[in-house]
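S.K.: Make a model of this:
(chains A and B)
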Amino acid sequence: MSVKRIEAVNDFVIKFANVNGSGSASANELFARAFLRMGIPVSPRNIFPSNIQGLPTWYEVRVSENGWLGRRGGCDLMVAMNPQTWAQDLKEIDPGGYLFYDNTKPLPKSRFREDIHVVGMPLTEISNSAYTLPRERQLFKNIIGLGALAALIGLEPEVIAELIGEQYKGKEKLLKPNLNALQLGLNYAREHLKDAIGLKAKRAYAVGEQIFMEGNAATALGCVYGGATVCAWYPITPSSSVAEAFTNYCSKLRVDKDTGKNKFAIIQAEDELASIGIVTGAGWNGARAFTATSGPGISLMSEFIGLAYFAEIPATIIDVQRGGPSTGMPTRTQQSDLLACAYASHGDTKHVLLFPEDPHECFTMAADCLDLAERLQTPVFLMTDLDIGMNHRLCKPLKWDDARRYDRGKVMTAEMLDAGREFARYKDLDGDGIPFRTYPGTHESKGAYFTRGTSKNPSAIYSEAGPDYQYNMQRLLKKHDFAKTLVPKPLLTPSREPARFGAIYYGSTSPSMNEALESLAQQGIFVNALRVRAFPFADEIQDFVHSHSKVFVIEQNRDAQMKTLLVNEAHINPASLVSILHYDGAPITARFITKEISEIAAALNVRPIKRDKAA
Amino acid sequence: MSGLRLLVLGYRTWLIDKAGRCALPGAYGQAVMVDPSSKLVVVHAAAHAEPRDSASGGPQFRFLHSTLRTLAALSP
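M.R.: Down below sits the predicted model:
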């Protein structure tokens, strides 16, 4: 029986199954970057364990000239280098796909599948023949494999050599053996594995001006441009690299050229409680401050978040979400902190959340959060996740308008106080629920107030009177409602035919959703899609739901947290919403979304619109 | 009406992308599209027989959709 062969040019998924700590990361990244240098968009994803060494790790590369940057699902070529996950890895290969493995030690036929193509290469043998030191043998085996894959897929060797040259610039001793290893792989594949794989890379011009960066780095840069001068944090995966990147950027961009003094304060605190305490204190004092954390950190910060909410102190909180609850899956992705953040802390609280889709929005929205926190005098959350934060992603170049000025919100100055302006710290003077504040020390005799977490009257005087408390709580609610006029509006992707169905999605689901919408349209299932970018919700969301017979809400958590928020806060009838939930810790795939929507559409007894009939 | 719902009526400005491209669909087939980058405003003033007319709405929808996509592709 002949086995079908997947043939594809610039549109496939390759997955590397490795052992953590085996030095594969560098070779894998070289592989992904080689496509970019050839003008072919790629979207790599690291799927890694939470221990340091030994457990399985995967690196999945979506190659797509069409620019689909989400996970597609399935795998066309598995580079299986980890015996521990062999069976699981084999299962993932699409029928007609390819398995590339080290056949130094032959495996029985029973260990393979009959509906895939097996490409074996004695990587260990070649590496052991060429190198003597055990560490070299291990590391160069990866580069030999890279060379072979380059030959098999058609990656230009000059491109990889150039990338290796850049990687080892200034370390010439390492450059030559790496190039040598690359050549060993190329030579072997050219001689023994000719045309073994039907997946081909062909130079294209589809990358354009896009940049390739991690979301956490973009978030940190957004904080720099957004004017943050204080960062207090406690390390936690997957958020730590936000603070680390902020430190690096500040050391380059925020040091006084004349005095050499730092114009920033970065404090690695003893825990998350201290971190948010420092941020709240800095915000109270007039500094733009943020912390970066993940779900467990949010739990620990909850008490201080409530204080900042009730005392109305600006604070920006970057939540790079991971799998919960508890310690959960520290190195896997999820969108499962929505409710925890929307209602963080005890009592009646509601917070502003922003949902970036990629590094570009991590950059812009981090700066927006700092503005919103001061404008609204409240904690504001940037709800990113591991998938965006810790993976390199192609995105639009980051741009900053130098004419943009920080929105410091309602700050009463000494001049305003001297001019006789009324100051009552918790009084709504103009109907938007936001009171004026003063910075400490603004005036020698006016504008001072007592900051407290207990209830107070509009003039910040301690009060347990019911009417005072209710006035304050209603004003806070009004402020939250007003926030929806300030936060980023949802973005509509209209389908190319009139559609019965709508879809609501957010954050890192975006790239897979884009591909799923196209796949569904090809099946004749047309869906209008609305990407929610913030909470509180814009009024457009209600209109969107009311305009469709059913609206799918796609999210990466078990409990349909966005749906819950939509029902509770936008007063949407739950019967009009259909949840599509993905929560295995890996990023959602286009195939998953397509399958779920098409099956539900079929169950709703909907016949696809045929394009020829609609035309 | 065939039961086919057309996209969203009602007093809203719908952002299509982060470049600020937006659409204002209205009743009876009225629609406005704005493309800030090319300073183009498309106004569709033709009236359909019904506030939501799926028969006439289909071709109009495709026209608006194609125009927006083309503008997005042409923008720098």
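
S.K.: make it CA atoms for all contacts and neighbour counts henceforth
M.R.: OK.

S.K.: what about residue 69, how many residues close to it?
M.R.: With no chain named, the answer covers chain A. For A:Leu69, the tally of surrounding residues (other CA atoms under 10 Å in any protein chain shown) stands at 25.

S.K.: wrong chain, I was asking about chain B
M.R.: Residues near B:Arg69, counting by other CA under 10 Å, number 14.

S.K.: Kindly state the pLDDT recorded for it?
M.R.: pLDDT recorded at B:Arg69 is 75.

S.K.: Same check on the one 4 residues further on?
M.R.: For B:Ala73, the pLDDT comes out at 75.

S.K.: isn't there a helix covering it?
M.R.: Yes - assessed with DSSP: H, G, I helix; E, B strand; the rest coil, B:Ala73 lies in a helix.

S.K.: Give me the distance between it and A:Ser579.
M.R.: B:Ala73 sits at a distance of 32 Å from A:Ser579 (criterion: CA to CA, to the nearest Å).

S.K.: How about the contacts made by residue 60?
M.R.: I went with chain A, as the question did not name one. Applying CA atoms under 8 Å, 6 or more residues apart in numbering or on different chains to A:Glu60 gives the contacts A:Val13, A:Ile14, A:Lys15, A:Phe16, A:Pro44, A:Arg45, A:Asn46, A:Ile47.

S.K.: right idea, wrong chain: chain B
M.R.: Counting by CA under 8 Å, 6+ apart, B:Gln60 has contacts B:Gly29.

S.K.: does it sit in a helix, a strand or a coil?
M.R.: helix.

S.K.: Tell me where the model's unsure across the stretch 201-350 of chain A.
M.R.: Filtered on pLDDT under 70, the stretch 201-350 of chain A yields no residues whatsoever.

S.K.: any chance you could map the strands in it?
M.R.: Taking DSSP state E, counting those that start in this stretch as the criterion, the stretch 201-350 of chain A carries its strands at A:211-214, A:230-233, A:265-268, A:289-293, A:315-321.

S.K.: Show me which residues of chain A sit near chain B.
M.R.: A:489-500, A:528, A:540, A:543-544, A:546-549, A:614-615 (CA under 8 Å from any CA of the partner chain).

S.K.: could you flag which of the residues you listed are buried?
M.R.: Among the residues of chain A next to chain B, the ones that count as buried by 16 or more other CA atoms under 10 Å in any protein chain shown are A:489-500, A:528, A:540, A:543-544, A:546-549.

S.K.: out of those, which are inside strands?
M.R.: Counted as lying in strands by DSSP state E, out of those, are A:Leu491, A:Leu492, A:Thr493, A:Asn528.

S.K.: I figured the last one hits A:Pro494, correct?
M.R.: I take that to be A:Asn528. Yes - between A:Asn528 and A:Pro494 there is a contact at 4.7 Å, judged by CA atoms under 8 Å.

S.K.: Identify the residue spatially nearest to B:Val34, adjacent ones excluded.
M.R.: In this structure, B:Val34 finds its nearest non-sequential neighbour in B:Val41, 4.6 Å apart by CA to CA, 6 or more residues apart in numbering or on different chains.

S.K.: pretty sure the one you found is in contact with B:Met33, am I right?
M.R.: Yes - assessed by CA under 8 Å, B:Val41 is found in contact with B:Met33 at 5.6 Å.

S.K.: Who has more neighbours out of the two?
M.R.: A count of neighbours by other CA under 10 Å puts B:Met33 above the other of B:Val41 and B:Met33, at 21 against 13.

S.K.: Three-state assignment for the more buried one, please.
M.R.: strand.

S.K.: How about the contacts made by it?
M.R.: B:Arg21, B:Cys22, B:Ala23, B:Leu24, B:Val41, B:Val42, B:Val43, B:Leu64.

S.K.: Could you do A:Asp358 as well?
M.R.: A:Asp358 neighbours (CA under 8 Å, 6+ apart): A:Gly215, A:Ile388, A:Arg393, A:Cys395, A:Gly507, A:Ser508.
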